[in-house]
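1. Turn this into a structure:
(one chain, ligands or ions: 1)
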Amino acid sequence: MPPVTSLGRNGDRRRLAGNGRATSAAGHVFNCSLVLNFFTLAYPKEWTRVDFWGASEGATSARATDDLIPIRSEDQKRGSEARNNVEEPIRCGWAGNELAMRYHDEEWGVPLHDDRAIFEFIVLEGAQAGLSWDTILRKRERYREVFDHFDPETVARYDEAKVAQLLADPGIIRNKMKINAAIQNARAFLAVRDVFGTFDAYIWRFVDGQPIVNSWRTLAEIPARTAESDALSADLRKRGFSFVGSTICYAHMQATGMVNDHLVDCFRYAEVRGA
Ligand SMILES: [Zn+2]
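-> As a prediction, the model looks like this:
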């Protein structure tokens, strides 16, 4: 699926990281009046408006209106009120609401070596296909409940009755292909584990065991796929996985810290390197 785009804070066209994981533009970052004052002084008026409202009529000609996302969600407004007078750290602009911010701040990009947690991302990323990551984040708790906390042994044993039960649950994405893929992927996951000892040992081989550390300055620079994600995708398919296209694989690599795609000025950029 194509990456989701929106206009960035600087008016540039953003490609949102994480397989279109964001649905709203940044605006919360500069809520502090001191910071706003700084931008009022330091940047042209348009840019200040961009910072405050989260979407821009643009400082450049590269603008689009068809994919602009509503300016400040209720979540953001509530968040702004709650953080009144508290200076927000600089974070990647795709984290545009409370849930996404928490995910960005606590999980995204942290090197992950726990098989169960890796499997959780595989299921959720497959479920996301064609939808926003925010939708998945909102449903994540329900997914944990009905998918036995993403225990791959248990999921691998799901039968038709369980599939019917899942398809009737409005708390998750009710797509039969995606649900069947989760079960098939659990079986393939266990097969990989039989060969490599852990799935962790298998998947990290695609980056030679160490995170790839990038140094992006804008979201627009972040690729949707790379040679490493292409290789991972091809190998997973060979092993019987589905919903593992290269873009989904790259989103997985970003989420699980196989690649550090936090922008260099994001407060998590350095933090995840020390994780
Ligand atoms: Zn970040």
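2. rest of the way, CA atoms for contacts and neighbours
-> Fine.
3. helices and strands around the helix or strand hosting Ala251, which ones?
-> Assigning secondary structure by DSSP states H and E places Ala251 in helix 246-255. The contact analysis (3 or more Cα pairs under 8 Å, 6 or more residues apart in numbering; DSSP states H and E) places helix 246-255 against helix 17-20, helix 115-128, helix 227-238.
4. The residue nearest to Ala95 when sequence neighbours are not counted and Cys249, how far apart?
-> Nearest residue to Ala95 in three dimensions, chain neighbours excluded: Met101, at 4.9 Å (Cα to Cα, 6 or more residues apart in numbering). Plainly put, Met101 is 22 Å away from Cys249 if you go by Cα to Cα, to the nearest Å.
5. Compare the two (neighbour count), which wins?
-> For Met101 versus Cys249, the count of surrounding residues by other Cα atoms under 10 Å is larger for Cys249: 28 against 17.
6. ok, and the closest non-adjacent residue to that one?
-> Residue nearest to Cys249 in three dimensions, not counting chain neighbours: Ser229, with 5.4 Å by Cα to Cα, 6+ apart.
7. ok so, going back, quick check, the helix or strand hosting the residue nearest to Ala95 touching the ion?
-> Per DSSP H and E, Met101 falls inside helix 98-106. No: Helix 98-106 stays clear of the ion (Cα under 5 Å from the ion), getting no nearer than 6.3 Å.
8. what helices or strands is that helix leaning on?
-> With contacts taken as 3+ Cα pairs under 8 Å, 6+ apart, helix 98-106 sits against helix 74-82, helix 133-146.
9. returning to that earlier point: give the contact list for the residue nearest to Cys249.
-> Applying Cα atoms under 8 Å, 6 or more residues apart in numbering, we find Ser229 in contact with Ser246, Thr247, Cys249, Tyr250, Met253.
10. still on that earlier bit, worst average pLDDT in the helices and strands packed on helix 98-106?
-> The minimum mean pLDDT among these belongs to helix 74-82 (a mean of 52).
11. Please name the nearest non-neighbouring residue to the residue in the stretch 51-200 of the chain that the ion sits nearest to.
-> Nearest to the ion, among the residues of the stretch 51-200 of the chain, is Cys92, at 3.9 Å (Cα to the ion). In space, and not counting its chain neighbours, Cys92 is closest to Cys266: 5.7 Å by Cα to Cα, 6+ apart.
12. Quick check: the one you found touching Ala95?
-> No: between Cys266 and Ala95 no contact is recorded; they are 11.1 Å apart, counting by Cα atoms under 8 Å.
13. Looking at these two, which one has more neighbours?
-> For Cys266 and Ala95, the more surrounded residue by other Cα under 10 Å is Ala95, and the numbers stand at 26 against 17.
14. Hmm, the more buried one is touching His104, no?
-> Yes: with contact defined as Cα under 8 Å, Ala95 reaches His104; the gap is 6.4 Å.
15. I'd assumed Glu153 was in contact with Leu190.
-> Yes: in this structure, Leu190 is within contact of Glu153 by Cα under 8 Å, at 7.3 Å.
16. contacting residues around the longest helix along the chain?
-> Counting by DSSP state H, the longest helix found in the chain is helix 176-196. Applying Cα under 8 Å, 6+ apart, the contact partners of helix 176-196 are 119, 123, 126-127, 152-153, 155-158, 163, 166-167, 198-199, 202, 239-243.
17. mind listing what's buried in that helix?
-> Neighbour-count burial for helix 176-196 flags 178-193 (criterion: 16 or more other Cα atoms under 10 Å).
18. Close to the ion: what parts of the stretch 1-150 of the chain are there?
-> Contact residues (Cα under 5 Å from the ion) of the stretch 1-150 of the chain with the ion: Arg91, Cys92.
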